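Using only what follows, build the 3D model:
(2 chains)
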There are 2 protein chains.
Amino acid sequence: MMEKELVRTAVCHVLDELRQHPIPLGVSNRHVHLSQTDYQQLFPDQPLAVKKALKQPGQFAAEQTVTVAGPKGHLKNVRILGPLRSQSQIEISRTDARTLGATAPLRLSGKLSNTPGIKLISPFGEITLNEGVIVALRHIHMSPLDALIYGVQHGDSVKVAIEGSSRKTIFDDVAIRVSPEMTLEMHIDTDEANAADVDNPAAFATLVRE
Amino acid sequence: MMEKELVRTAVCHVLDELRQHPIPLGVSNRHVHLSQTDYQQLFPDQPLAVKKALKQPGQFAAEQTVTVAGPKGHLKNVRILGPLRSQSQIEISRTDARTLGATAPLRLSGKLSNTPGIKLISPFGEITLNEGVIVALRHIHMSPLDALIYGVQHGDSVKVAIEGSSRKTIFDDVAIRVSPEMTLEMHIDTDEANAADVDNPAAFATLVRE
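Okay, the predicted model is just below:
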């Protein structure tokens, strides 16, 4: 009984320590995910080429980029992220939406019903998507083990504090995304990164416990 | 004695009510304040013309705009805010800084020592400033009466919660600026406004009491 209690105390201690670790931050610049069909129309007979692996296993920034063309303005050199997906999706910031003159609702990745479309241009062709333009809801990718450590579940909404910068900020409405293939990483867009001065090397993120 | 207590209770009640009122939000797009000398070089013999009064008494958006020219890019149609000041100051967002390829430290308005300069271009001339480019530290303008109500002082740093949007956020490091000429208003830049989805008509700001 005594030993059991000791083990329990030790485990709680380790879990508390783990929970204090900063959550790695990933700042998502505007990017495009494409379906096989849409990619083929923009880059016929050219395999999607890996430029740089991303932190999430299997995900990569591709060599290929497109121009996103809105009614008011263009965004050039918008990178395609691979691998290709079942549906095309354009992830931009509110700042980008203003540049394009487009609306972009706040959505979880993949939740594309009733989202606006937009035109994509490559050196080889152009397509007009009917839907897929979103501002990504801030979220934390994690493994089931991470979820156990933090005491959260897939679909939860949490608060994350950005500390260490001169623009300390608590982001509420942060979605928890649990998947066995995922590595612990909080994704925010460039507007959010700027608002909390995340470029500051001293900045770090921690889960706010309530 | 009984009456005194009643008055005290009533006053506390009224103050509590007042503190619950949302703080009006003002989103500062990139803008330029100019000294008389700098303005004259850019717009010789042209009076600074009022386009639109701002919320702060006496402050206005001018008809005149300039191009801000950085090493990597330009920002066109950047509005001059009046009246003219003793020192020129360029207020941009981190997003703008990246567009320009310029650095811009986070500063209170007017705190310009050791800030970088930049080139300004008008249809009539151009000048290169030696200093003055900043990202404005988020702040709340208020009157001494407002300060009394909120229990804060000039120079304090407070937390403000943005509620009602889908990107609920608590901004820490918000500077309190008290002046008899000022009207209650929290100023944030476009990055911060986007990060908290302040364009949402349901969004509002309240002081976080600790």
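
remind me, longest helix of chain A?
Using DSSP state H to define each element, chain A has its longest helix at helix A:2-20.

do whichever helix or strand comes after that helix and chain B meet?
For helix A:2-20, the following helix or strand on the C-terminal side (DSSP states H and E) is strand A:25-28. No: using Cβ under 8 Å from any Cβ of the partner chain, strand A:25-28 never reaches chain B; the gap is at least 11.2 Å. Where C-beta positions appear, they are placed from N, C-alpha and C, glycine not excepted.

which SS class is residue A:115?
Assigned state for residue A:115: coil (three-state reduction, DSSP: H, G, I helix; E, B strand; the rest coil).

residues in contact with the worst-scoring helix or strand of chain A on mean pLDDT?
One helix or strand of chain A scores below all others by mean pLDDT, DSSP states H and E: helix A:2-20, with a mean of 84. If you take Cβ atoms under 8 Å, 6 or more residues apart in numbering or on different chains as the criterion, helix A:2-20 is touched by A:149-150, A:206-207, A:209.

how about low-confidence regions in chain A?
A:1 (pLDDT under 70).

how near is the spatially most central residue of chain A to chain B?
Against the mean C-alpha coordinate of chain A, by Cα atoms, centre = their mean, the closest residue is residue A:187 at 4.0 Å. Using Cβ to the nearest Cβ, to the nearest Å, one gets 13 Å for the distance from residue A:187 to chain B.

pretty sure residue A:158 belongs to a strand, no?
Yes: read with three-state DSSP, residue A:158 is one of the residues of a strand.

check which helix or strand covers the closest residue to it other than its chain neighbours.
Among residues not flanking residue A:158 along the chain, residue A:174 sits closest, at 5.1 Å (Cβ to Cβ, 6 or more residues apart in numbering or on different chains). Using DSSP H and E, residue A:174 sits in strand A:169-178.

Quick one: list the elements packing against that strand.
strand A:139-142, helix A:144-150, strand A:157-163, strand B:169-178 (3 or more Cβ pairs under 8 Å, 6 or more residues apart in numbering or on different chains; DSSP states H and E).

okay, the ones you listed, which one's buried deepest?
strand A:139-142 (a mean of 23; mean count of other Cβ atoms under 10 Å in any protein chain shown).

what does chain A have sitting close to chain B?
So chain A meets chain B at A:93-95, A:106, A:137-138, A:166-173, A:190-192, A:194-197, A:199 (Cβ under 8 Å from any Cβ).

Residue A:88 is in contact with residue A:32, correct?
Yes: if you go by Cβ atoms under 8 Å, residue A:32 and residue A:88 touch, sitting 7.2 Å apart.

on that earlier part again, can you tell me the element the residue nearest to the centre of chain A falls in?
strand A:185-189.

rewinding a little: and the residues of chain A next to chain B, which are buried?
A:93-95, A:106, A:137-138, A:166-173, A:190-192, A:194-197 (16 or more other Cβ atoms under 10 Å in any protein chain shown).

rewinding a little: could I get the helices and strands packed on strand A:169-178 in a markdown table, plus columns for distance to residue A:58?
Below are the helices and strands packed on strand A:169-178 laid out as a markdown table (distance: least, Cβ to Cβ, whole Å):
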| stretch | distance to residue A:58 |
| --- | --- |
| strand A:139-142 | 12 |
| helix A:144-150 | 18 |
| strand A:157-163 | 25 |
| strand B:169-178 | 32 |
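
Out of these, the one nearest residue B:26 is which?
Among the helices and strands packed on strand A:169-178, strand B:169-178 comes nearest to residue B:26, with 12.5 Å by Cβ to Cβ.

Run through who's touching the closest one.
Contacts of strand B:169-178 (Cβ under 8 Å, 6+ apart): A:166-172, A:195, B:108, B:137-144, B:146-147, B:152-162, B:186, B:188, B:192, B:195-196, B:208.

so the closest residue to residue A:155 other than its chain neighbours bridges to which residues?
Residue nearest to residue A:155 in three dimensions, not counting chain neighbours: residue A:176, with 6.6 Å by Cβ to Cβ, 6+ apart. Here residue A:176 sits in beta bridges with residue A:140, going by DSSP bridges.

distance of residue A:176 from chain B?
16 Å.

Give me the three-state assignment for residue A:167.
Residue A:167 ends up coil, using three-state DSSP.

That one and residue A:194, how far apart?
Distance, residue A:167 to residue A:194, by Cβ to Cβ, to the nearest Å: 8 Å.

Check residue A:97 too.
From residue A:97 over to residue A:194 (counting by Cβ to Cβ), the distance is 15 Å.

Thought residue B:191 was touching residue A:196, still the case?
No: judged on Cβ under 8 Å, residue A:196 makes no contact with residue B:191 at a distance of 9.3 Å.
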